[in-house]
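In: sequence isn't available, so here's the structure alone:
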């Protein structure tokens, strides 16, 4: 099992940047594909980005492609989401998720979730 704790959320103006981090417990972190999802008020959870264990396979939602970058450090059991050129529509609670195996775009495919971190982008 793995436990996930997100950090790095906050309030930022449009055009600004934030870097989210997800710290994972457990000794098998490198076996996990990791993903970031978000949920805005009144909306369904949506996929943001995912990365495989070796950082050789990455997928992004079209809405964040070119602005967000997912990365991981298996030695430190962490995964990051660098968010640049933030827009008000990026406002949401961001969740880190993990699964054993290949990266997937569907949230239902992930077994482990963090508690979420709030990102608010003001216009």
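Out: Perfect, thanks for sending it. This is a predicted model, so every value here is computed, not measured.

In: parallel or antiparallel, list what pairs with the one helix or strand residue 80 maps to.
Out: According to DSSP states H and E, residue 80 maps onto strand 78-83. Each strand paired with strand 78-83, and its direction, by DSSP bridges: strand 18-24 (antiparallel), strand 68-73 (antiparallel).

In: quick one, which of those is packed in tightest?
Out: Most buried of those, by mean neighbour count (mean count of other C-beta atoms under 10 Å): strand 18-24, with a mean of 20. C-beta here means a position set from N, CA and C on the backbone, and glycine is covered the same way.

In: dump the residue contacts of the most centrally placed residue in the chain.
Out: The centre of the chain sits closest to residue 36, judged by C-alpha atoms, centre = their mean, with a distance of 2.4 Å. When contacts are counted by C-beta atoms under 8 Å, 6 or more residues apart in numbering, residue 36 touches 20, 22, 48, 49, 50, 70, 79, 81, 94, 95, 96, 97.

In: got the phi and psi for the third one?
Out: Which is residue 48. Dihedral angles phi and psi of residue 48 (degrees, to the nearest 10) take the values phi -120, psi -50.

In: could you check how many residues crowd around it?
Out: Residue 48 has 24 neighbours, counted by other C-beta atoms under 10 Å.

In: quick revisit: who are the packing partners of the helix or strand that the strand holding residue 80 is followed by?
Out: Reading on from strand 78-83 to the C-terminus, the next helix or strand found by DSSP H and E is strand 92-100. Under the contact criterion of 3 or more C-beta pairs under 8 Å, 6 or more residues apart in numbering; DSSP states H and E, strand 92-100 touches strand 4-7, strand 18-24, strand 32-39, strand 112-113, strand 117-122.
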